[in-house]
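Chemist: Build me a model from this:
(chains A and B)
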Amino acid sequence: MHAAKSHGAAWLASLVMTLACWSGIATADAPDGWNFHPFDEALKIARQEQKRVFLYFGRHGCPSCEQTNRESFTDPRVIERYSANYVLAYVDSESGKRMRLPSGERITEMELGVRLKVFGTPFFYFMESDGKPILRAPGFQTADEFLVFDEFVHSGRYREQSFAEFKAANS
Amino acid sequence: MKRLPLLLCLLPAWACAAPWSFGTPVLVAGASDSTHFHHLDGSGRQHVAASASEVALVWEDDRTGSPQIYLAVAPREAASFAPDVRLSDGEEAYEPALAALDGNRWLAAWEQDGAVVARVIDAQGLGPIQALAGKSSRQVTLVSDRAGRVAALWTREHDGGQLLEAAELKADGRAVALAGAAVTVAPVVEHPYQGYPAGAWGRQGRLLVAWEDRRAGHTRLFHTWRDPGQGFAAERQLNEHNAPHGEVPAGVVGLGSGVMRVVLAADGAGNVRAAWLDKRNPASGYAVWGALSQDGGRSFGPNQMVQDELGAAVPQWHAALAGGVPGFVAAWDDTREGWGDGSEPGDVVLSWNFGSAWSPDLVVPGASGEGYQGSPAVALDPQGDLHLLWIEGDDLSSPTRLRYLHGAFDPD
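Modeler: Purely as a prediction, here's the structure:
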């Protein structure tokens, strides 16, 4: 157990260093070092592992995605909680890459954005393992906001109250 | 909020007067208890083609358990289509395109098992399937005109990315073949990403091409052209990067606002229009923007918003474009009529431009209302009639049906 923790800490440190060194014009694709999967693969893994899905809609060249990657997804607390609590999925909202939905339908990543009403990027969805949406969060989010989302979703509080109620009760 | 047509009709009377008299929507494929899914997602959205006497439709659906390509043909103004025919014969097929040839023949192209193929269809049956490009080719579109010229554009994997190729085609009877070697359209750079081509024929055999390019770390749209016997001209950027509505955040350099799925059309009189999805105003998602070329496709004027301001509050998707005798018509889907009440899934919307300005938007009767109507494709026939195809479903995730609508050109 200690060995696993030690290995995890080293991995996190390495990841943070990698991301901290990242500079210049980024393409705002999935952040390096995070174990993002294609959406359909993520749903399969989520069903197998009985985990929820954290879905990140990005766009090639999206400034706010780049800001999110640089400022929020380098926070060790966010990396640790999201890696532990969710199966991570990344979708390029302009991509023609194909995936198979639970219904059996084959669609593109762009079309998934149409279905989920992703009007801008970044756009984040928390989902049950069957793909049912729990919470959605459009736009840039700080590391602290990501931690609040995680508290709301991972604790299961979303079954009892809205996110607005949760935030009001915990502010 | 599904009642916005009332508001639309408070606009000047001409705003509601479409230049087409619409018929009754026709069910093309998929029953009310359909359990499969249809897609109209070919590069350039060339899913409808029309001759002076017939109209043909091409799409992908998974009725057999795998995605395959189907074609349906009907006489112009017919109340129904003949039973559809399957065109593809591989394990999986995607993203078809369709062009009208002379003699009521049709040319379809699509991606099949990882390569671009094509075949001719006429009243007697199907021609042989012909490979247009090798493995790892996709995103094919067709370019045809009334003079019988036809070309194909596609992308091919290269150096960890993909590049764009073009070839003119010859279709003799029911046989199709490359008329010459395929050539690259744009400079081959390291790790290229050139995607989703669209094409049109300008005057005197000028081939016009537009596409997406990601080399700068964000997506830009480019266009080029070539005259018969010449190479392609130097590419030019089509979308304005930092357009008036675009706000690039301070400290962020070189990242774009988001553009995708450009389409091209010519009116046969020397004018060429491009349209695409453009997110330069990030608050409301993608909008339909476009540009006009009045020099036969050598250069395009300033970017213009195609949709009206009423549509600017909601995102637009799946922009299609056609040109012909009366001018140009654009089609897309959006949720303006369900905005805010959750009933939204989507309606098909049209705007037309017969001179210098795009009309106020028309939420298409018969392609709007409860449920989802979207992903349209559009064509104008030689008489100026409108041919519109779209996908409908009970909602955005339910099994789908294909519907078609004919609009008789009625300029008065």
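Chemist: so what pLDDT did the residue most central in space within chain B get?
Modeler: The centroid of chain B falls nearest to B:Arg45 when counting by CA atoms, centre = their mean (2.4 Å). B:Arg45 carries a pLDDT value of 98.
Chemist: B:Pro345 now?
Modeler: 82.
Chemist: give the contact list for the closest residue to it other than its chain neighbours.
Modeler: Closest residue to B:Pro345 apart from its sequence neighbours, by CB to CB, 6 or more residues apart in numbering or on different chains: B:Tyr372 at 3.7 Å. Heads up, the C-betas are built off the backbone N, CA and C, glycines and all. For B:Tyr372, the contacting residues are B:345-346, B:391-396, B:398, by CB atoms under 8 Å, 6 or more residues apart in numbering or on different chains.
Chemist: Closest to A:Phe36 out of these?
Modeler: B:Leu396 (24.2 Å; CB to CB).
Chemist: Against chain A, how distant is that closest one?
Modeler: 5 Å (CB to the nearest CB, to the nearest Å).
Chemist: Mind checking what secondary structure that residue has?
Modeler: coil (DSSP: H, G, I helix; E, B strand; the rest coil).
Chemist: how far away is it from B:Leu321?
Modeler: B:Leu396 is 24 Å from B:Leu321, where distance means CB to CB, to the nearest Å.
Chemist: quick one: which of those two has more around it?
Modeler: B:Leu321 (27 against 17; other CB atoms under 10 Å in any protein chain shown).
Chemist: and the one residue in chain A that gets nearest to chain B, how many neighbours?
Modeler: Closest approach between chain A and chain B, counting by CB to the nearest CB: A:Gly61, at 2.2 Å. Using other CB under 10 Å, the number of residues around A:Gly61 comes to 26.
Chemist: go on, B:Asp33?
Modeler: Neighbours of B:Asp33 using other CB under 10 Å come to 6.
Chemist: So, low pLDDT: which residues of the stretch 51-200 of chain B?
Modeler: By pLDDT under 70, the stretch 51-200 of chain B has no low-scoring segment.
Chemist: hmm, I was thinking of chain A
Modeler: Ranges of chain A meeting pLDDT under 70: A:1-28.
Chemist: just the helices in it please.
Modeler: Under the criterion DSSP state H, chain A contains helices at A:2-20, A:39-49, A:63-67, A:76-85, A:109-115, A:143-154, A:163-169.
Chemist: Quick check: whichever residue of the stretch 151-300 of chain B sits closest to chain A vs B:Leu264, distance?
Modeler: Relative to chain A, the nearest point of the stretch 151-300 of chain B is B:His218 (2.2 Å; CB to the nearest CB). Applying CB to CB, the value for B:His218 to B:Leu264 is 21 Å.
Chemist: shouldn't the residue of the stretch 151-300 of chain B closest to chain A be in contact with A:His60?
Modeler: Yes - B:His218 lies in contact with A:His60 (CB atoms under 8 Å); the separation is 6.1 Å.
Chemist: what's the neighbour count on whichever residue of the stretch 51-200 of chain B sits closest to chain A?
Modeler: Residue of the stretch 51-200 of chain B nearest chain A, by CB to the nearest CB: B:Pro67 (5.6 Å). Neighbourhood size, B:Pro67 [other CB under 10 Å]: 25.
Chemist: Angles on the backbone of it, please.
Modeler: phi -70, psi 130 (degrees, to the nearest 10).
Chemist: Flag every residue of chain A that's near chain B.
Modeler: By the rule CB under 8 Å from any CB of the partner chain, the part of chain A lying against chain B is A:25-28, A:59-64, A:66-67, A:94, A:96, A:98, A:101, A:103-108, A:110-111, A:114-115, A:117-121.
Chemist: Just the buried ones from these?
Modeler: A:26-28, A:59-64, A:66-67, A:94, A:96, A:98, A:101, A:105-108, A:110-111, A:114, A:117-121 (16 or more other CB atoms under 10 Å in any protein chain shown).
Chemist: From the residues you listed, which land in strands?
Modeler: Members of those lying in strands (criterion: DSSP state E): A:98, A:106-108.
Chemist: Widest-spaced pair of these?
Modeler: A:Arg106 and A:Thr108 (8.5 Å).
Chemist: Quick check: neighbours shared by these two?
Modeler: A:98-99.
Chemist: Pull the contacting residues for B:Ala18.
Modeler: Counting by CB under 8 Å, 6+ apart, B:Ala18 has contacts B:350, B:352, B:362, B:407.
Chemist: Within reach of chain A, which of those are there?
Modeler: Among these, no residue is within reach of chain A (CB under 8 Å from any CB).
Chemist: Just send those residues back as a markdown table, with secondary structure too.
Modeler: Below are the contacts of B:Ala18 laid out as a markdown table (three-state DSSP):
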| residue | secondary structure |
| --- | --- |
| B:Leu350 | strand |
| B:Trp352 | strand |
| B:Leu362 | strand |
| B:Gly407 | strand |
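Chemist: from memory B:Pro345 sits against B:Leu396, does it?
Modeler: Yes - using CB under 8 Å, B:Pro345 makes contact with B:Leu396 at a distance of 5.1 Å.
Chemist: re the thing from before, which one, of the helices of chain A, ends up nearest to B:Ala17?
Modeler: helix A:109-115 (30.4 Å).
Chemist: which residues are in contact with that closest one?
Modeler: A:39, A:57, A:91-99, A:101, A:107, A:118, A:123, B:41, B:260-261, B:317-318, B:374, B:396-397.
Chemist: Now with 6 Å, please.
Modeler: Contact partners of helix A:109-115, identified using CB atoms under 6 Å, 6 or more residues apart in numbering or on different chains, comprise A:57, A:91-95, A:97, B:317, B:396.
Chemist: is it possible to export those to TSV including distance to B:Val288?
Modeler: Below are these laid out as TSV (distance: CB to CB, whole Å):
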residue	distance to B:Val288
A:Phe57	21
A:Val91	22
A:Asp92	21
A:Ser93	17
A:Glu94	15
A:Ser95	20
A:Lys97	23
B:Trp317	9
B:Leu396	20
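Chemist: returning to what we had before: B:His218 and B:Leu264: who's more crowded?
Modeler: Taking other CB under 10 Å, B:His218 and B:Leu264 do not tie; B:Leu264 has more neighbours (29 against 23).
Chemist: Give me the phi and psi angles of B:Thr24.
Modeler: phi -100, psi 130.
Chemist: Just give the closest residue to it, not the sequence neighbours.
Modeler: Using CB to CB, 6+ apart and skipping the chain neighbours, the partner closest in space to B:Thr24 is B:Gly366 (7.0 Å).
Chemist: what do you get for A:Phe123?
Modeler: Closest to A:Phe123 by CB to CB, 6+ apart is A:Phe57, at 4.1 Å.
Chemist: ok now do the one you found, which residues does it touch?
Modeler: A:91, A:93, A:113, A:118, A:121, A:123.
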